[in-house]
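Q: got a predicted model here, sequence first, then my questions.
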Amino acid sequence: MATITPYRSGQRPGPDGFAQLVHAEWTKFRTVRGWILGLIVAVVVAAGFGLLTTGASGTICQRTGSGQPHCRPAPQPSFPLGPGGEPVADSFYFVHQPLTRNGTITARVTSLSGLVPANLDSPSLTLRPGTQEWAKAGIIIKQSLKPGSEYAAMMVAAGHGVRMQWNYTADRPGLPGTIGPANPRWLRLTRAGDVITGYDSADGTHWVKTGAVTLPGLPSTVQAGLFAASPDDNPEVQHLGGGIQGGGGPTRATAVIDQVSGFRGPWAGTYIGAASASGIGAANASGIGRYHQAGGRFTVTGSGDIAPVPAGNGGPAATAATVGGYLLGTFAGLIALAVVATMFMTAEYRRNLIRVTLAASPRRGRALAAKAVVISAVAFVTGLAGAGIAVLAGTAVTHARGTYQFPVTGLTEARLIIATGVLAAVSAVFAIAVGSMVRRSAVAVTIVIVTVVLPYFLSLAAVVPSGAADWLLRITPAAGFAVQAPYPRYPQVSVLYSVVSGYYPLGPWTGLAVLCGWTAVALAGAAVLLRRRDA
Amino acid sequence: MQAVAGAGAPAGLARPGRGARTALPDAVHAEWTKLRTLAGTWWLLAAAVAVTIAAGVAVAGTAAPPSGGVPAGAAADPARLSLAGVTLGQAIVALLAVLAVGGEYGTGMIRVTLAATPRRLTMLTAKAVVVTGGAAAAGTVAVLGSVLAGRLILPGRGLSAANGYAVMSLGNGPDLRAAAGSVLYLVLIALLALGLATAVRDSAVGTGLVLGLLYLFPIAGAVVPDQTLARHLEQAAPMTAGLWIQATAGLRSLPLTPWQGLGVLALWALGALILGAAILRLRDA
């Protein structure tokens, strides 16, 4: 009986590593015209949408509760830059004298009172007694009288107790409590070389160190003295439907300061930064500032603020174009990307191509991983291109129109562009994972859009109350948008930190981690279902 | 061979229907049969109701009256708060409408449908009727549930009669308009989605397009610094303008009246249906 040898192909088996799988998936992706078109659409809408935010028209409108918007010409803001390059407000009333080399200055603040706008609806100048929560007064050591120069200050803030602040962005709490004649606060600043140390005390004998800072730019002779400032009142709320409601206006603060020591020369009173103060405040602030000295007792009145300027609504930079604004199109691009990414998976089920795919790569987890690799790379490039074009075009258009762009460093711009690519990549992987689980294109697209894009939209357009919107942006995959936050939040500046201005409830990396967490869960679910179910 | 008794038409063959043309009621009946025998339809309808009410409860549960200084009514509108779930529920209603036509293209069923109903506009009209019915039914239940939830929750959140906020009641004209208008809104969203899905012939692209259209405009309106342009964008936005039908407070500050706003959405839906119908007639399936 003859032995029959089974047929064996003479060809050597081809390589079937993961790289071949990725290559196969890439071939599938790039040969579908509609998907490439979808990516182009994603880049175009992502880049184009942001351009809408570049053109400040020259009017700014406040929507009052009673009816039609109240419009007036928008001033083009301009701000001095602080030591860190960030735009700052540096306008306050300064009672000062030169201080040469090292020394210690001390003062007691016994009261802080003020005036705030009486009527929030109209920008009238009717005032009533009261203090803005960040109205502040105390002692300060400053590099020079030039706005934006380095400083360190010990102060009493109306609603926040004693603070030590320096160089605009730094803020350290000291003794808490509201001050008054029965509850005064002693403040002290000591200069030793470049190091300035702040102390506070409730009785003038027991001192507690609040903070110490090195200010390398200080010359040997600095300006030191007493100051008072009170930021504009901006009680703005974003009401349902997206309108920003507010009004407010300039406020003023008056501090009574005595037991001043450490000074030798004659006093001079200067209103710092009158030229750079914006809005209605500018006209009045310089008229408000004054001081009165009787014996050892000073009464100092001032308006303005010594603080960083936050971007966007509520702050003085409300009309400025921002890099965050240029990137708002990301969400539109993500919708197109979600459709493409989902179809990359679901089309296989529709056309039964999944059987060929799984026949070629029987290890199902690897097939899914290869798809994830391809789509994340494609989405990363798409996001990078969309964000890069958006930032370049937005900056160019803003310059061409001569409108003010809120400055950011080149490093921040690079971070935002790369972060957008990462956001797109992770979202796309989330989309194919969802697509793999539900297998139906429309359902998968709806799930992805509703979980990734909708919470962001609900928050941005203020469809739901801000408390609910903040929670949505913490726990849903939309938390990932936080990675696009361009500016830090400043607790020492009270304005409306809204999503539309680029402020998110989570930090950039925490937000991205939430999205990655959801993606990991979805991918794990997809892998398990892909192995368990027949294709 | 034995002759068939009675001669004439064999008993097993159906008579042609009422004439050669398929009448609209038959087409509607056929579409209804297709829709109701899909398990997904009932899941989607139930999900639309559940999601709308749940989102409304979540919004009402976190609502707070505006703080001092802001005129009452401008910042908190009990009707809008109660019915806020519609912004989420509409996604599922749109999905239902997209699937009604996109699903047929996906499976190739569309060829059978068009063989049975060669008059394409009749087929589209029948789909529109069925989808309208589904959206209206789900919308009515969802809106009634949302109103009830709002009535129960909002007074406990400080939006009570004592603070100057009327409890939402369907006996009250503006509240009734907000509630009935929300049902109409969902129906128009379904028709818009149906028209667009017929035009693009793909359920995934259709879903992305509809949701993009709905959610894109309001964001543009919120971020455009030019207030005049922003106002025009809001007036043209299917979702923003359409949802003004829910406003019962601060009407004077709206760029359009509530019914005009719903009219904008109706124009969008009409435009989408005309586009879908034109493509349906001009292209091979």
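A: Received the coordinates, thanks.

Q: going forward, measure contacts between C-alpha atoms and count neighbours the same way
A: Fine.

Q: the stretch 151-300 of chain A: helices as residue ranges?
A: Taking DSSP state H, counting those that start in this stretch, the helices of the stretch 151-300 of chain A run over residues A:280-288.

Q: for the one helix or strand residue A:455 maps to, the averaged confidence score.
A: With elements delineated by DSSP states H and E, residue A:455 resides in helix A:454-460, which encompasses its position. Computed over helix A:454-460, the mean pLDDT rounds to 81.

Q: pull out the buried positions in the biggest helix by length in chain A.
A: Longest among the helix segments of chain A by residue count, using DSSP state H, is helix A:364-401. Within helix A:364-401, the residues that count as buried by 16 or more other C-alpha atoms under 10 Å in any protein chain shown are A:364-391, A:393-395, A:398.

Q: could you say what helices and strands that helix packs with?
A: Under the contact criterion of 3 or more C-alpha pairs under 8 Å, 6 or more residues apart in numbering or on different chains; DSSP states H and E, helix A:364-401 touches helix A:18-30, helix A:33-51, helix A:323-326, helix A:330-350, helix A:353-360, helix A:410-438, helix A:508-532.

Q: report the buried residues of the fourth one.
A: When you say that, I think you mean helix A:330-350. For helix A:330-350, burial by neighbour count (16+ other C-alpha under 10 Å) applies to A:330-349.

Q: low-confidence regions, the chain specifically.
A: I went with chain A, as the question did not name one. By pLDDT under 70, the weakly predicted segments of chain A are A:1-2, A:55-77, A:119-125, A:234-248, A:274-287, A:312-319, A:461-465.

Q: wrong one, chain B
A: Looking at chain B by pLDDT under 70, you get B:1-22, B:64-76, B:160-165.

Q: if we can go back for a sec, so what secondary structure elements neighbour whichever helix or strand comes after the helix holding residue A:455?
A: Next in sequence after helix A:454-460, counting helices and strands by DSSP H and E, comes helix A:466-475. Contacts defined by 3+ C-alpha pairs under 8 Å, 6+ apart place helix A:466-475 against helix A:454-460, helix A:508-532, helix B:39-62.

Q: show me what the second one is packed up against.
A: If you count contacts as 3+ C-alpha pairs under 8 Å, 6+ apart, helix A:508-532 packs onto helix A:364-401, helix A:410-438, helix A:466-475.

Q: can the second one be said to contact chain B?
A: Pointing back at helix A:410-438 there. No. Using C-alpha under 8 Å from any C-alpha of the partner chain, helix A:410-438 stays clear of chain B, with a minimum separation of 10.6 Å.

Q: could the helices and strands packed on helix A:508-532 go into CSV alongside distance to residue A:40?
A: Output for these, formatted as CSV (distance: least, C-alpha to C-alpha, whole Å):
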stretch, distance to residue A:40
helix A:364-401, 8
helix A:410-438, 14
helix A:466-475, 28
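
Q: out of the ones you listed, nearest to residue A:256?
A: Closest to residue A:256 of the helices and strands packed on helix A:508-532 is helix A:466-475 (C-alpha to C-alpha; 38.9 Å).

Q: for that closest one, list every residue counted as buried.
A: A:466, A:468-470, A:472-475.

Q: same question, stretch A:104-116
A: Buried residues in stretch A:104-116 (16+ other C-alpha under 10 Å): A:104-116.

Q: which residue does the stretch 401-535 of chain A bring closest to chain B?
A: Residue of the stretch 401-535 of chain A nearest chain B, by C-alpha to the nearest C-alpha: residue A:442 (4.4 Å).

Q: contacting residues around the nearest residue to that residue once chain neighbours are set aside?
A: Leaving aside its chain neighbours, residue A:442 sits nearest to residue B:204 (4.4 Å; criterion: C-alpha to C-alpha, 6 or more residues apart in numbering or on different chains). By C-alpha atoms under 8 Å, 6 or more residues apart in numbering or on different chains, the contact list for residue B:204 reads A:339, A:342-343, A:441-443, A:445.

Q: mind running it again at 7 Å?
A: Shown in contact with residue B:204 (C-alpha atoms under 7 Å, 6 or more residues apart in numbering or on different chains): A:339, A:441-442, A:445.

Q: what about the helices in the stretch 51-200 of chain B?
A: Under DSSP H, counting those that start in this stretch, the stretch 51-200 of chain B gives helices at B:78-82, B:86-107, B:109-116, B:120-153, B:173-200.

Q: would you tell me whether the fourth one gets close to chain A?
A: Just to be clear, that refers to helix B:120-153. No. Using C-alpha under 7 Å from any C-alpha of the partner chain, helix B:120-153 never reaches chain A; the gap is at least 13.9 Å.

Q: which strands and helices sit next to that helix?
A: Helix B:120-153 makes packing contacts with helix B:24-36, helix B:39-62, helix B:78-82, helix B:173-200, helix B:258-282 when contacts are defined by 3 or more C-alpha pairs under 7 Å, 6 or more residues apart in numbering or on different chains; DSSP states H and E.

Q: please name the spatially closest residue to residue A:186 (chain neighbours excluded).
A: Per C-alpha to C-alpha, 6+ apart, closest to residue A:186 is residue A:108, 4.3 Å.

Q: what about that neighbour, distance to chain B?
A: Separation of residue A:108 from chain B (C-alpha to the nearest C-alpha, to the nearest Å): 34 Å.

Q: ok, that residue touching residue A:261?
A: No. Checked against C-alpha atoms under 7 Å, the pair residue A:108 and residue A:261 is beyond contact range at 9.5 Å.

Q: can you tell me which residues in the stretch 151-285 of chain B are near chain A?
A: Proximity of the stretch 151-285 of chain B to chain A (C-alpha under 7 Å from any C-alpha) is limited to residues B:203-205, B:207-208, B:212, B:215-216, B:218-219, B:222-227, B:252-253.

Q: repeat that for 6 Å
A: With C-alpha under 6 Å from any C-alpha of the partner chain as the criterion, the stretch 151-285 of chain B comes near chain A at residues B:203-204, B:207, B:219, B:222, B:224-226, B:252-253.
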